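Participant: sequence and predicted model, in that order:
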Amino acid sequence: MKSKSHLNRTLMHRATKITELPALTVDFLHHSGLLMDNLFASLWKRIGMKTLLSRAGFKKRSGTAIDEVVYALSLWLWLKKASIGLFAREGLQGFMGKDVLYDTMNREDLNWRKCHEQIAAKAVRGLKVSGKRAFVVDDTIGRRFGKKMPGISSHFDHTSGRHVMGQQVVTLGLSCEEGFVPLDSELFISQSKAQGLHQP
């Protein structure tokens, strides 16, 4: 197991080289009982993600445990790697292939919204809310490209001052002095140039 100083150097050089998972994270994926001092993995264990996923009905179909797959997907988002294939090849070091990640993302039986609700509820319970607090509604437009991409439509982007094709995500969150906790979100599709979501 590598030292914390080695881990810190790895994270500091993340912007100048291909991001690799710290050795501690690879150890976590191989040994679920290992106590981690990696920030992301420690948080994962502290909030009890394996239990929360189980409560949300997440079950594996075969092969890799579902909590390990969701962990890898969450880490991919956290590291902001553009390609799942590159992340699986360079970061997971053969432990998990890109097909496993893609298959899990495409599973229609997984209730990601319920999973988010479980996490949000635990986060709110853990807050020591003091002072002023308020519910905040935020909307974000993400530009998306592709003639056959489902769930996109035309939206007016106030940042660029023009209409763009993409997805508008409306998020309800709790704002307080301790921070902001997203409680729920909804994908909004306008009636202009809409490409509807596929129905299961």
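Facilitator: Perfect, I can see it now. Numbering: from 1, shown residues only.

Participant: for stretch 60-73, buried residues please.
Facilitator: Across stretch 60-73, burial judged by 16 or more other C-beta atoms under 10 Å covers 64, 66-73. For the C-beta atoms, the positions are set from N, CA and C on the backbone; glycine is no exception.

Participant: likewise for stretch 69-86?
Facilitator: 69-73, 75-76, 81, 84.

Participant: and the spatially most central residue of the chain, what pLDDT?
Facilitator: Geometric centre of the chain, nearest residue: Ser74, 4.1 Å, by C-alpha atoms, centre = their mean. Turning to Ser74, the model gives it a pLDDT of 87.

Participant: repeat for Asp67
Facilitator: 91.

Participant: please tell me how far it sits from Phe156.
Facilitator: 40 Å (C-beta to C-beta, to the nearest Å).

Participant: and Thr140, how many neighbours?
Facilitator: The number of residues packed near Thr140 is 12, by other C-beta atoms under 10 Å.

Participant: isn't it right next to Gly173, touching?
Facilitator: No. In this structure, Thr140 is not within contact of Gly173 by C-beta atoms under 8 Å, at 11.7 Å.

Participant: now the strands for the chain?
Facilitator: 133-143, 153-157, 162-176, 179-188 (DSSP state E).
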